[in-house]
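In: Just a sequence and a predicted model for now, questions to come.
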Protein chains: 2
Amino acid sequence: MVKVGILQFAPVLGDVKANVSQVRELVTSNKRCDLYVLPELANSGYRFNNRDEVILAAEKVQSSYFLKELMQLAVHKNAHIVTGFCEREGSLLYNSSVLIGPEGLVGVYRKLHLFMDEKDFFEPGNLGLPVYDTPIGRIGMLVCFDWMFPEAWRALVLKGAQLIAHPSNLVLPYCQSVMPSYSLVNKCFIATANRIGKERDLTFTGQSVLVDPTGEYVLKGSIDQTEFLTVEVDLKQSDNKNITPRNDVMKDRRSDVYGDFNVR
Amino acid sequence: MVKVGILQFAPVLGDVKANVSQVRELVTSNKRCDLYVLPELANSGYRFNNRDEVILAAEKVQSSYFLKELMQLAVHKNAHIVTGFCEREGSLLYNSSVLIGPEGLVGVYRKLHLFMDEKDFFEPGNLGLPVYDTPIGRIGMLVCFDWMFPEAWRALVLKGAQLIAHPSNLVLPYCQSVMPSYSLVNKCFIATANRIGKERDLTFTGQSVLVDPTGEYVLKGSIDQTEFLTVEVDLKQSDNKNITPRNDVMKDRRSDVYGDFNVR
């Protein structure tokens, strides 16, 4: 069994220290989890006015203060953490999700599908759709607006993901109601950690969710409160792809007709 | 605007004349529609005990009594009809969906993903995922359990389908709640015509739905009543793939990462 904790809170725009403090407070004041999932751009906030603001807030993976602090938490709690991360590599910026374990950095995913003005700031993701085989299970990552693209979820599950961690800064009202459909047709767990609060002209929609492979909500957060949502789940449930004794929903796929998502 | 009518009823097992009568009664006793959508295997019923029963009930497209009668209705109403169809071609059987127009047969789709014991009776579909450009709009078809495969829906929309007609004999309770997610992420109309009633050990779940490109139910049938559900919709809504002014959900796809569904 894996204890998952979703951190729903409001990152502060451009204040990485305040954001570390919030994460530290939520993690240390609650019982230990095996896996923590944080919102999108948890180190930086979201609503930048221009690219210069992003440059000031972005961090390199290797030298990030935010990730260094989270790695200490991961060691202290002997846990894994998935966090949204405003990333700089050279002169390029990415809206990323980082997986950390007790032994340090596990992997980075860069958001494939950029939303609205993000197209002015960030490069489209260039690291594909990695799945990481960790001691607690096989973890894939997607970020916020990636939810609109069912092929990304399918590809991760075809690559073996048992749980898709989904750091988000959702402003549209749709995603949380779609996640049960995605978890059902893929027979996987989905953990959407959404932020709350307002930033400039945007209001975020909270209601973080964890959904199980039967399409049922296991966790559902409030619309506007800081919350630490936690539940114990059996990720091996994701390995059973039978919806009937004679229907394995992955083996029944007709890749001869619609292709294989470049998963081989 | 296109007036869509969903026929929710209980086909009678192995009694094609009774099934024609039910369709004729529902169509002629209601106001004219542009497009009628009928359940899966509407000519034959569903719960066969063995392949011999299917052979007795199946019809060839070219010589089908059921389709000939429906073609007369299509002429009489100057309408299109999508119907589930128990099809025989030579010695092979298919769980098909047929599109008929006022000028006769438009096209055939054969169910790609067979459910449970259907695997003993029918061949897997071998006609791909056709989309038909008709005077009322671009129509794709899927049948019942195909709902579990998001790639089939995506492929049809990428091929231009504005409305996916979905003849069904659903016994599981999930599909109708997933259709809003599919219509939203594909920004298309979905018309699921589900049957009602019991046949041998199976109870069908009714609740036929029509869902629009915003993911809202436009029609929703009862669980167990014969019904003629009708509404007027603007299929051109499906041509607008913008979920924000800067996000076209088809153009934003990352086919470089997860492929193109063999749609070129």
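Out: Yep, that arrived. Residues are numbered from 1 along each chain as shown, chains lettered A, B, ... in the order given.
In: Next, count neighbours for the residue of the stretch 151-264 of chain A at minimum distance from chain B.
Out: Per CB to the nearest CB, residue A:181 is where the stretch 151-264 of chain A lies closest to chain B, at 3.7 Å. (C-beta placed from N, C-alpha, C; glycine too.) Counted with other CB atoms under 10 Å in any protein chain shown, residues neighbouring residue A:181 total 25.
In: quick one, what contacts the residue nearest to it when sequence neighbours are not counted?
Out: Excluding its sequence neighbours, the residue lying closest to residue A:181 (CB to CB, 6 or more residues apart in numbering or on different chains) is residue B:181, at 3.7 Å. By CB atoms under 8 Å, 6 or more residues apart in numbering or on different chains, the contact set of residue B:181 is A:177, A:178, A:181, A:182, B:215.
In: And the residue nearest to the last one when sequence neighbours are not counted, what's its pLDDT?
Out: Beyond its immediate neighbours in the sequence, the residue positioned closest to residue B:215 (CB to CB, 6+ apart) is residue B:184, lying 3.2 Å away. In this prediction, residue B:184 carries a pLDDT score of 97.
In: Likewise for residue A:215?
Out: Value for residue A:215, per-residue pLDDT: 97.
In: so it is in which element?
Out: Of the helices and strands defined by DSSP states H and E, none includes residue A:215.
In: Test my guess that it contacts residue A:180.
Out: Yes. With contact defined as CB atoms under 8 Å, residue A:215 reaches residue A:180; the gap is 4.2 Å.
In: okay, and the common contacts of these two?
Out: residue B:177.
In: Now do the host helix or strand of the residue of the stretch 151-264 of chain A closest to chain B against helix B:175-186: the angle between them, please.
Out: Using DSSP H and E, residue A:181 sits within helix A:175-186. Inter-element angle recorded for helix A:175-186 and helix B:175-186: 120 degrees (by axes from the mean of the first three to the mean of the last three CA atoms, to 10 degrees).
In: following helix A:175-186, which helix or strand comes up?
Out: Next along the chain after helix A:175-186, taking DSSP H and E as the criterion, comes strand A:189-194.
In: how far out from the middle of the chain is that following strand?
Out: Relative to the chain's own centre, strand A:189-194 is displaced by 6 Å; criterion: CA atoms, centre = their mean, to the nearest Å.
In: What are the contacting residues of the helix or strand that it is followed by?
Out: Under the assignment DSSP H and E, the closest C-terminal helix or strand after strand A:189-194 is strand A:198-199. Outside strand A:198-199, the residues that touch it by CB under 8 Å, 6+ apart are A:10, A:13, A:45, A:46, A:47, A:204.
In: Output those residues in JSON lines, with distance to residue A:121, secondary structure and neighbour count appended to each entry.
Out: Below are the contacts of strand A:198-199 laid out as JSON lines (distance: CB to CB, whole Å; DSSP: H, G, I helix; E, B strand; the rest coil; neighbours: other CB atoms under 10 Å in any protein chain shown):
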{"residue": "A:10", "distance to residue A:121": "20", "secondary structure": "coil", "neighbour count": "21"}
{"residue": "A:13", "distance to residue A:121": "13", "secondary structure": "coil", "neighbour count": "18"}
{"residue": "A:45", "distance to residue A:121": "12", "secondary structure": "coil", "neighbour count": "26"}
{"residue": "A:46", "distance to residue A:121": "10", "secondary structure": "coil", "neighbour count": "26"}
{"residue": "A:47", "distance to residue A:121": "11", "secondary structure": "coil", "neighbour count": "16"}
{"residue": "A:204", "distance to residue A:121": "18", "secondary structure": "coil", "neighbour count": "24"}
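In: Columns distance to chain B and pLDDT on top of the residues you listed, output as JSON lines?
Out: Shown next, in JSON lines, are those (distance: CB to the nearest CB, whole Å; pLDDT from 0 to 100):
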{"residue": "A:10", "distance to chain B": "22", "pLDDT": "98"}
{"residue": "A:13", "distance to chain B": "21", "pLDDT": "97"}
{"residue": "A:45", "distance to chain B": "20", "pLDDT": "98"}
{"residue": "A:46", "distance to chain B": "15", "pLDDT": "98"}
{"residue": "A:47", "distance to chain B": "15", "pLDDT": "97"}
{"residue": "A:204", "distance to chain B": "15", "pLDDT": "98"}
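In: Pick the one among those closest to residue B:256.
Out: Among those, residue A:46 lies closest to residue B:256 (CB to CB), at 26.0 Å.
In: does the closest one really touch residue A:12, like I thought?
Out: No. In this structure residue A:46 lies outside contact range of residue A:12 using CB under 8 Å: 10.6 Å.
In: out of the contacts of residue B:181, who has the most neighbours?
Out: residue A:182 (27 neighbours).
In: if I read this right, it contacts residue A:153, doesn't it?
Out: Yes. Residue A:182 lies in contact with residue A:153 (CB under 8 Å); the separation is 5.1 Å.
In: what do these two both touch?
Out: Both residue A:182 and residue A:153 are contacted by residue A:190, under the criterion CB under 8 Å, 6+ apart.
In: Ramachandran coordinates for the residue nearest to the spatial centre of chain A?
Out: Nearest residue to the geometric centre of chain A (CA atoms, centre = their mean): residue A:166, 2.5 Å. The phi/psi pair for residue A:166 (degrees, to the nearest 10) reads phi -140, psi 70.
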